[in-house]
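Colleague: Below are the sequence and a predicted model; questions follow.
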Amino acid sequence: MHGLEMINRIKDVTRGEWVPSPGSVYPVLQEFESSGFVKKTNKGRMVKYSITEKGKEAFRVLHEEAGRQMEFMDWVMKDDTF
């Protein structure tokens, strides 16, 4: 995807609640590229980004942690003695 595609995808996924600005997206993409999480490919005037294996592994770890946090929040919401 290119940066504008990412911005639009975030907007769609959050149902318009969050529309990040290019000024917030591109610095994060640069940081992710420096860390080896994404790879940048120039296609003419367009720059496309793709996730690397290192990025996929980092995402898996974050996804697992988010799942554990959701389980905890479910427990708190169900347990009225908390």
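Modeller: Received it, and whenever you're ready, just let me know what you need.

Colleague: C-alpha from now on. contacts and neighbour counts both.
Modeller: Fine.

Colleague: Helices of this structure, start to end?
Modeller: With helices called from DSSP state H, the chain shows them at 3-13, 22-35, 53-78.

Colleague: tell me the angle the last one makes with helix 22-35.
Modeller: Orientation of helix 53-78 against helix 22-35 (axes from the mean of the first three to the mean of the last three Cα atoms, to 10 degrees) gives an angle of 120 degrees.

Colleague: just so I know, which of the helices of the chain lies nearest Asn42?
Modeller: Set against Asn42 and scored by Cα to Cα, these come closest in helix 3-13, at 12.3 Å.

Colleague: Who are the packing partners of the closest one?
Modeller: Here helix 3-13 touches helix 22-35, strand 46-51, going by 3 or more Cα pairs under 8 Å, 6 or more residues apart in numbering; DSSP states H and E.

Colleague: now those in CSV, with mean neighbour count and mean pLDDT?
Modeller: Shown next, in CSV, are these (neighbours: other Cα atoms under 10 Å; pLDDT from 0 to 100):
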stretch, mean neighbour count, mean pLDDT
helix 22-35, 13, 95
strand 46-51, 14, 94
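
Colleague: Could you dump these into CSV and include distance to Glu71?
Modeller: CSV is the format used below for the helices and strands packed on helix 3-13 (distance: least, Cα to Cα, whole Å):
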stretch, distance to Glu71
helix 22-35, 28
strand 46-51, 27
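
Colleague: Please identify the deepest-packed of the helices of the chain.
Modeller: Most buried of the helices of the chain, by mean neighbour count (mean count of other Cα atoms under 10 Å): helix 3-13, with a mean of 15.

Colleague: what residues are up against the most centrally placed residue in the chain?
Modeller: The chain has Phe59 as the residue nearest its centroid, 8.1 Å off, counting by Cα atoms, centre = their mean. For Phe59, the contact set (Cα atoms under 8 Å, 6 or more residues apart in numbering) is empty.

Colleague: Got the domain ranges for the protein?
Modeller: As assigned by automatic domain parsing, the chain contains the domains 1-51, 53-82.
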